[in-house]
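# pasting the sequence and the predicted coordinates here, then a few questions.
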Amino acid sequence: MLRHPDYTRDRIQQLVRRLRGKIYAARLPVADLQVAGPVGRISFAEAQRLTGFRPARRGDQFGPAWATFWFRAAVTVPAGWAGSRVDLLWDSQSEATLWVNGRSVQGLNMTQGDRPDAMLLERCAGGEQVEFQIEMACNRTFGVSTGSGYPTGEEPVSPYHLRRCELASFDPVAWDLYWDAQVLTELEAELAREDATSDKSWQGWLLARLNDFANTLDLERRETWAAAREILRDLYAHRNGGRCVELSAIGHAHIDTAWLWPLAETHRKCERTFSTATAYLRDYPEYRFASSQAYQYAVIQQRNPDLYARIQECVARGQFIPVGGTWIEPDCNIPSGESLGRQFLFGQRFFEKEFGKRCREFWNPDVFGYNGQLPQIMRQAGITRFLTQKLSWNRFNKPHHHTFTWRGIDGSEVLTHFPPADTYNGDGSIRELRLNVKNYKDHDRSRECYYLFGHGDGGGGPTKGMLEVLRRAADLPGLPRTAQRTAEEFFDRLERDVTDRPVIWGELYFEYHRGTYTSQAAVKRHNRRAEQLLHDIEFLRATMPNYPRDEINALWRTLLLNQFHDILPGSSIGEVYADSARQFAELFAAGEKLLPAGSQLVNTTGFARAEVVEHAGTLQFVRAPPYGPAVVAEPPAAVRL
Ligand SMILES: [Zn+2]
């Protein structure tokens with residue numbers, strides 16, 4: 001046996017870290033990098049008309065927060081790199097978009113260099129010139145705050161500074177060897193950390209063979225690499241036993257439509273995130289990426305048609321998966337039943353028109369509770385499945401199940417799954433893959449679990465590293481049997497897997513974030529006023545000629561947008577509420593104009609009414625049937641005008 005497993009483990013891990021450095025062994029700092037700005041959130045076309053470019057150097061600081069800078073570079077690829085892939089390595093400690101030949105190619109650096117690389121040339125000739133532009137936004141995944149999500153105040157050094165801009169020759173052999181070693185090393189460390197694996201034989205063999213790998217691999221003698229990889233290949237030949245957790249995984253990037261950043265930044269977050277997703281979907285055929293919120297697709301359709309065409313291609317290939325069936329991911333406590341119905345109507349209508357298909361699942365993982373009417377509304381929107389995990393954050397009462405039937409107050413039922421990793425922003429680590437197995441509360445009846453991986457809240461999505469881990473974690477002892485699957489494929493499997501599901505009846509109450517419901521009163525008042533106004537417009541105009549359908553739909557889209565789960569509850573930054581107040585003011589102004597003129601009093605509610613109204617300058621007692629005209633009537637003796 002190995003006499004000092006901790007030392008052995010340390011030594012292997014150090015070697016693997018050094019191996020990572022071999023992936024980009026040949027690098028070239030970009031000497032002629034030019035920058036212009038600060039500017040606002042201008043379009044790519046506007047950026048092409050910028051003047052005043054000046055040299056940018058490593059260490060340069062940029063700001064203030066929310067400002068944008070545009071970089072340009074033209075670099076000659078070293079002749080000696082002929083035949084190799086050329087990547088850009090960029091780190092500006094901020095969010096950024098890489099543009100090549102007028103196309104948004106990929107997002108970079110969501111927070112602090114989490115995504116520093118992007119492919120520039122798949123196979124270079126050597127000696128050619130590459131040109132690119134970078135749109136650098138002085139903000140991060142969580143707006144202008146630190147990673148914890150909350151601002152820390154003024155920093156002596158701008159957080160947005162240029163740390164790296166290099167061309168690099170990509171070494172695919174080092175990359176594959178690194179990820180082969182990294183996954184097994186992390187797995188071995190996890191098994192040792194928990195020391196609870198039932199398969200001590202596998203645990204011992206893993207460490208011993210990784211030790212052999214470390215003894216065989218000499219990073220400076222490339223002729224040793226093949227033999228070292230052969231040792232790992234032997235480990236990858238091991239498989240799970242008969243019954244184990246079947247983990248379906250799907251890439252995701254939860255993009256809050258507004259939260260710690262305004263809507264205008266969300267539009268760029270979508271551009272960065274979807275550019276990255278479409279690029280990686282091409283490189284990883286097994287990759288599946290789920291994206292909800294029809295609104296975000298509509299934004300890209302209008303703002304970046306070239307990217308939208310790439311999304312359409314990926315949807316057609318079955319890799320980019322529209323999910324959720326709603327316009328945005330709405331708050332599910334404050335909007336009226338009619339509004340929630342419209343969320344599905346506008347969402348499903350968009351997905352059907354654009355992609356020829358409605359969603360079969362409601363995807364709303366981050367919302368602060370779910371009212372008991374939702375199963376009925378879902379069923380009427382053609383949806384029979386529901387995904388969230390938010391209740392795992394409950395302060396006092398944790399949910400008893402991850403898979404169950406949720407029954408609404410009218411008896412409608414939907415198959416419900418809470419991904420047992422308790423997150424919609426999975427990091428793709430070995431630890432988290434194992435967490436699915438450890439946390440799952442329904443092993444006695446089911447072995448199907450779903451795992452959502454990728455940077456989220458502020459978008460970003462999966463990294464290439466996460467995709468490499470999942471590829472290798474497919475079927476290894478100590479890990480669930482894992483494959484990337486669409487939401488439909490996962491729920492089909494789940495439906496077949498477990499038929500005696502527990503039933504949970506009524507509201508799914510969320511024991512957290514409750515203060516939001518007494519915050520930002522104005523947006524809540526505007527929401528209800530707008531719901532009432534739109535109801536009245538639709539009712540009153542329905543029997544008149546020239547029904548203003550397009551105008552009414554535009555107002556609905558504004559209202560639905562403001563029901564987003566960080567706007568309506570009150571959990572966004574102040575700038576979001578300034579935008580919201582402006583949008584509602586426009587909605588009310590446009591809506592009032594759509595109300596018919598005239599002096600006839602009409603009851604626009606579904607209840608018979610008898611009450612005093614002020615009409616034509618006087619008080620009158622009127623009676624009106626549900627949805628009917630009011631007539632002046634004799635008041636009861638108790639009423640005095
Ligand atoms: Zn969210």
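Now that the structure is in, tell me what you want to look at.

# quick one: name the residues of the protein near the ion.
Remark: the part of the chain in contact with the ion comprises 256, 366, using C-beta under 5 Å from the ion. Every C-beta, even on glycine, is put in place using the N, C-alpha and C of the backbone.

# rerun that using 6 Å as the cut-off
Taking C-beta under 6 Å from the ion as the contact definition, the chain meets the ion at 254, 256, 366, 457, 565-566.

# and stretch 325-342, what's buried?
By 16 or more other C-beta atoms under 10 Å, the buried positions in stretch 325-342 come out as 325-335, 339-342.

# quick revisit: which of the residues of the chain next to the ion fall within strands?
In strands, defined here by DSSP state E, there are no members of these.

# between the residues you listed, which is nearest Gln600?
His565 (40.0 Å; C-beta to C-beta).

# where does the stretch 151-300 of the chain have low pLDDT?
In the predicted model, the stretch 151-300 of the chain carries pLDDT under 70 at residues 151-156, 196-198.

# if I look at the residue of it found nearest the ion, how far off is Asp366?
Closest residue of the stretch 151-300 of the chain to the ion, C-beta to the ion: Asp256 (4.3 Å). For Asp256, the distance to Asp366 equals 8 Å [C-beta to C-beta, to the nearest Å].

# which neighbours do those two share?
Shared between the contact lists of Asp256 and Asp366 (criterion: C-beta atoms under 8 Å, 6 or more residues apart in numbering) are residues 457, 565.

# could you pull up phi and psi at the residue of the stretch 151-300 of the chain closest to the ion?
The phi and psi torsions at Asp256 (degrees, to the nearest 10) take the values phi -70, psi 120.

# excluding its backbone neighbours, what's nearest it?
On the basis of C-beta to C-beta, 6 or more residues apart in numbering, the spatially nearest residue to Asp256 that is not a chain neighbour turns out to be Asp566, at 5.3 Å.

# list the residues that contact that neighbour.
Contacts were defined as C-beta under 8 Å, 6+ apart; by that measure Asp566 touches 256-259, 572, 576.

# run the last query once more with 7 Å
Counting by C-beta atoms under 7 Å, 6 or more residues apart in numbering, Asp566 makes contact with 256, 258-259, 572.

# so which residues of the stretch 301-450 of the chain form helices?
Chain-ordered helices for the stretch 301-450 of the chain, with DSSP state H, counting those that start in this stretch as the definition, fall at 305-316, 337-355, 374-380, 430-439.

# dump those into TSV; add mean pLDDT as well.
Rendered in TSV, the data for the helices of the stretch 301-450 of the chain read as follows (pLDDT from 0 to 100):
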stretch	mean pLDDT
helix 305-316	98
helix 337-355	98
helix 374-380	98
helix 430-439	96
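
# run a quick neighbour tally on the residue of the stretch 401-550 of the chain found nearest the ion.
Ranked by C-beta to the ion, the top residue of the stretch 401-550 of the chain for proximity to the ion is Asp457, at 5.9 Å. The local packing count at Asp457 equals 18, with neighbours defined by other C-beta atoms under 10 Å.

# and stretch 366-380, end to end?
Taking C-alpha to C-alpha, to the nearest Å, stretch 366-380 runs 23 Å from one end to the other.

# from Lys390, how far out is the residue in the stretch 251-400 of the chain that the ion sits nearest to?
Using C-beta to the ion, the point where the stretch 251-400 of the chain gets nearest to the ion is Asp366, with a distance of 3.4 Å. Per C-beta to C-beta, Asp366 is found 6 Å from Lys390.

# neighbour-wise, which of the two wins?
When Asp366 and Lys390 are compared for neighbours, Lys390 comes out ahead with 22 against 19, by other C-beta under 10 Å.

# list the contacts of that one.
By C-beta under 7 Å, 6+ apart, the residues touching Lys390 are 365-367, 510.

# how about 8 Å then?
Taking C-beta under 8 Å, 6+ apart, we find Lys390 in contact with 365-369, 510.

# ditto for Gly325
Shown here is Gly325, whose contacts under the criterion C-beta under 8 Å, 6+ apart are 344, 347-348, 351, 358-363, 381-383.

# give me the nearest residue to it, chain neighbours excluded.
Spatial nearest neighbour of Gly325, chain neighbours left out: Cys359 (3.6 Å); criterion: C-beta to C-beta, 6+ apart.

# same check on Leu494?
Once chain neighbours are set aside, the closest to Leu494 by C-beta to C-beta, 6+ apart is Glu448, at 4.6 Å.

# check contacts around that neighbour.
For Glu448, the set of contacting residues under the criterion of C-beta under 8 Å, 6+ apart consists of 245-246, 248, 403, 490, 493-494, 497-498.

# let's go with 6 Å and repeat that
Residues in contact with Glu448, defined by C-beta atoms under 6 Å, 6 or more residues apart in numbering, are 246, 493-494, 497.

# drop anything exposed from those.
Using 16+ other C-beta under 10 Å, the buried members of those are 246, 493-494.

# how about CSV for those, with secondary structure added?
Rendered in CSV, the data for the buried ones among the contacts of Glu448 read as follows (DSSP: H, G, I helix; E, B strand; the rest coil):
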residue, secondary structure
Glu246, strand
Arg493, helix
Leu494, helix
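
# which one of those residues is nearest Thr463?
Out of the buried ones among the contacts of Glu448, the member with the shortest distance to Thr463 (by C-beta to C-beta) is Glu246, at 24.2 Å.

# okay, now Leu560: neighbour count?
Neighbour count of Leu560, defined by other C-beta under 10 Å: 23.

# pull up the gap between it and the ion, please.
16 Å (C-beta to the ion, to the nearest Å).

# does that residue touch Trp327 like I think?
Yes: contact criterion C-beta atoms under 6 Å: Leu560 and Trp327 qualify, at 4.4 Å.
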